[in-house]
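[1] when you get a sec, could you give me coordinates for this:
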Amino acid sequence: MPKRQPVDVVVVGAGVVGAACAFYASRSGLSVAVVDRGPVAGGTTGAGEGNLLVSDKTPGPEMDLALLSLSLWRELARELPADIEFDPKGGLVVASGEESLAALSRSVEGQRASGVEACHVTPDRLPEVEPHLAPGLAGGFLYPQDSQVQPALAAARLLSAARAAGAHLYLGEEVVRIPRERETGRVGGVCTPRRELSSPVVVNAAGTWGGQLAALAGAELPVQPRRGFVLVTEALPPLIRHKVYAAEYLADVSSGSAALQTSPVVEGTPAGPVLVGASRERVGFDRRLSVPVVARLASQAAALFPVLADVQVLRIYHGFRPYLPDHLPAIGPDPRVPGLFHACGHEGAGIGLAPATGRLIASAIAGERPALDLEPFAPDRFDSVCHVT
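    Below you'll find the predicted structure:
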């Protein structure tokens, strides 16, 4: 017989979002269990670059979430007992031509109104900011708030802190059933092949598997995987000071197209290798290496930074972003299933948005007024879409 254990909250998912939910729930005094089918940061988190960005957000709910989360990441970098490699490196968005620069400038106006810092960099000053950039660019904008963490470390440190507060961690255990009370329909916890965790609250932080987990509880959530590749170069002397990307990346992030999209995103790391992205395509969970995508990314990176043209790529990895149709995550209680909370669908921004998500979830579980309005993130907002035939 599986072991039965009662807790206040079960968090399904040991990526950075689930870790943040466990951290803030544990800190509020709740007994928490975290369950994951794999290891810590074994999914999207482990394939991420650790970006904490405001530069790629448009004014509105996601921007509000990003700004709150960035302030919380700064707090966590000071408070957590071990290093998460928090680096306030800043981001630089560059435009290849005047038309692209004009569109970027219009975007910056709205961002500034939301509290984002963005400094115009003229073409003649680009070499001061990034000495190895290709010549002939029309200019760009520097975002000093953009930062970075090491994502797997961040998830591990948050879970370690949650465990220090009493949380339990069960890895390599897939949730196979979410029982519900017959009379009220409320969730009763989760079942894995090894144990039953009894709880009145289940948090779906299952990332790209969030739709399948929701279905176990009887709810629909149209999460789909959106694949992306990252190239890792050989260790290099410090060449790239910021996270640097082309203005076209902004359109790719907000696009709902299932087709392949690539735009150059380049950044250095403390250890020396340079990371090169970014690609997006919806191909299910196809894990095959796409040579054309990798070649395109390498070509675009070398066009942006010619110094990289002859640099060796030592490793290529990929991950799947948990995509929802309106590009906003699902955060908060599910009105269709009492006791079910969602914290998934962050697409490629989950690392940056994790602390705010965790704090909002902890507040919602406690019945407190959340720091942000949860209505834009309502898990049932797709019901009319899901049922269209």
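[2] which ones are touching Ser26?
    Counting by C-beta atoms under 8 Å, 6 or more residues apart in numbering, Ser26 makes contact with 32, 161-162, 165-167. Using the backbone N, CA and C atoms, a C-beta is placed for each residue, glycine as well.
[3] go again using 6 Å as the cut-off
    32, 162, 165, 167 (C-beta atoms under 6 Å, 6 or more residues apart in numbering).
[4] same check on Gly218?
    For Gly218, the contact set (C-beta under 6 Å, 6+ apart) comprises Val337.
[5] follow-up on the earlier one: scan the contacts of Ser26 and report the most crowded one.
    Among these, Val32 has the most neighbours (other C-beta atoms under 10 Å), with 29 neighbours.
[6] please name the nearest non-neighbouring residue to that one.
    Of all residues not flanking Val32 in the chain, Ala167 sits nearest, at 4.1 Å (C-beta to C-beta, 6 or more residues apart in numbering).
[7] next, the one you found: phi, psi?
    phi -70, psi 150 (degrees, to the nearest 10).
[8] and for Phe320?
    Torsion angles, degrees, to the nearest 10, at Phe320: phi -120, psi 120.
[9] okay, now it: neighbour count?
    By other C-beta under 10 Å, 22 other residues sit near Phe320.
[10] OK, contacts around it?
    Per C-beta under 6 Å, 6+ apart, neighbours of Phe320: 208, 225, 227.
[11] make it 8 Å
    Contact analysis of Phe320 by C-beta under 8 Å, 6+ apart lists 43-44, 47, 208, 225-228, 285.
[12] looking at strand pairing, list the partners for it.
    Judged by DSSP bridges, the bridge partners of Phe320 are Arg227.
[13] just Val35 next, same as before
    Val12, Tyr170.
[14] tell me where the model's unsure across the stretch 151-300 of the chain.
    Residue ranges of the stretch 151-300 of the chain with pLDDT under 70: 251-255.
[15] strands of that one, start to end?
    Counting by DSSP state E, counting those that start in this stretch, residue ranges of the strands within the stretch 151-300 of the chain are 168-171, 189-191, 195-198, 202-204, 224-233, 243-246, 261-268, 274-280.
[16] residues making contact with the third one?
    The one in question is strand 195-198. Residues from elsewhere that reach strand 195-198 (C-beta under 8 Å, 6+ apart): 2-7, 10, 33, 35, 170, 173, 188-191.
[17] what about Gly60, neighbour count?
    Applying other C-beta under 10 Å, we find 12 residues neighbouring Gly60.
[18] what sits against the residue nearest to it when sequence neighbours are not counted?
    Leaving aside its sequence neighbours, Gly60 sits nearest to Pro376 (C-beta to C-beta, 6+ apart; 7.6 Å). For Pro376, the contact set (C-beta under 8 Å, 6+ apart) comprises 60-61, 328.
[19] coming back round to it: out of the contacts of Phe320, who has the most neighbours?
    Neighbour tally across these (other C-beta under 10 Å): the maximum, 28 neighbours, falls on Thr44.
[20] out of everything not next to it in sequence, what's closest to that residue?
    Gly207 (4.9 Å).
[21] for whichever strand or helix holds Gly352, packing partners?
    With elements taken from DSSP states H and E, the one containing Gly352 is helix 350-366. Here helix 350-366 touches helix 16-27, strand 51-52, helix 61-79, helix 151-164, strand 330-333, strand 340-344, going by 3 or more C-beta pairs under 8 Å, 6 or more residues apart in numbering; DSSP states H and E.
[22] closest to Lys243 out of the ones you listed?
    Each of the helices and strands packed on helix 350-366 has some distance to Lys243 by C-beta to C-beta; the shortest is strand 51-52, at 6.5 Å.
[23] strand partners of that closest one, parallel vs antiparallel please.
    Here strand 51-52 has these sheet partners by DSSP bridges: strand 147-148 (antiparallel).
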